[in-house]
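> when you get a sec, could you give me coordinates for this:
(chains A and B)
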Amino acid sequence: DSGVTQTPKHLITATGQRVTLRCSPRSGDLSVYWYQQSLDQGLQFLIQYYNGEERAKGNILERFSAQQFPDLHSELNLSSLELGDSALYFCASSVDSWGEDYTGELFFGEGSRLTVL
Amino acid sequence: SQQGEEDPQALSIQEGENATMNCSYKTSINNLQWYRQNSGRGLVHLILIRSNEREKHSGRLRVTLDTSKKSSSLLITASRAADTASYFCATDASGGAQKLVFGQGTRLTINP
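Here you go, the predicted model:
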């Protein structure tokens, strides 16, 4: 158990719809990362938040947005869903990415499997 | 875009044999990590090797890094059926985990 909790585990929805994925990081971790894993694109970095602020953006579509709340949990919002958005969405957390204790290790949740029909 | 590329894409061996997976990357890095993913599960960190290290061991795992060739290898010795999983290398080019870029992975199957 990594200590990172993601909900829901599975989600089936239709094209054009909007969904929200939720992530609770490990206790004490300030950084949260979102990754998308699909068969054709592999594991793609979407976005990172650190202590409530956006730190880095990757291959995140404009239809997608995320935020990190004061209690450090994060949500990834996916809107105007398309068939190609079907994938596993992972949240990961890490210790302070700027401190001396930084080891680079990410702790991954079990993922949210999104199926768009 | 992918920074690391694992080779082979798939590997099937008998239990007890050693498994070697390779990773090549394109740009200079601060460190390289290996992760493991059981089917449909989250990734689990295995080992990190820094750019100034050449070899690192952890239990049955041995990782090497050749920065001149921009490549790394992961060796699993005395494989077990439970080692069946996908293995990914991930490179950190900036010193920050936000730049952790994963390869496509090697799918390892250990046959009993």
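> quick check: closest non-adjacent residue to residue B:71.
Closest residue to residue B:71 apart from its sequence neighbours, by CB to CB, 6 or more residues apart in numbering or on different chains: residue B:24 at 4.8 Å. Placement of C-beta: from N, CA and C, glycine included.
> separation between that neighbour and residue A:105?
Between residue B:24 and residue A:105 the computed distance is 22 Å (CB to CB, to the nearest Å).
> for residue B:74, same thing?
Counting by CB to CB, the gap from residue B:74 to residue A:105 is 16 Å.
> those two: who's more crowded?
residue B:74 (25 against 17; other CB atoms under 10 Å in any protein chain shown).
> now do the SS call for the more buried one.
Three-state assignment for residue B:74 (DSSP: H, G, I helix; E, B strand; the rest coil): strand.
> likewise for the one 5 residues further on?
Put simply, residue B:79 is coil when judged by three-state DSSP.
> and for it, the neighbour number?
21.
> identify the bridge partners of residue 5.
With no chain named, the answer covers chain A. Judged by DSSP bridges, the bridge partners of residue A:5 are residue A:24.
> try again with chain B
The partner residues for residue B:5, given DSSP bridges, come to residue B:24.
> so it is in contact with residue B:21, correct?
No. If you go by CB atoms under 8 Å, residue B:5 and residue B:21 don't touch, sitting 11.2 Å apart.
> before I go, just wanted to say thanks for your time.
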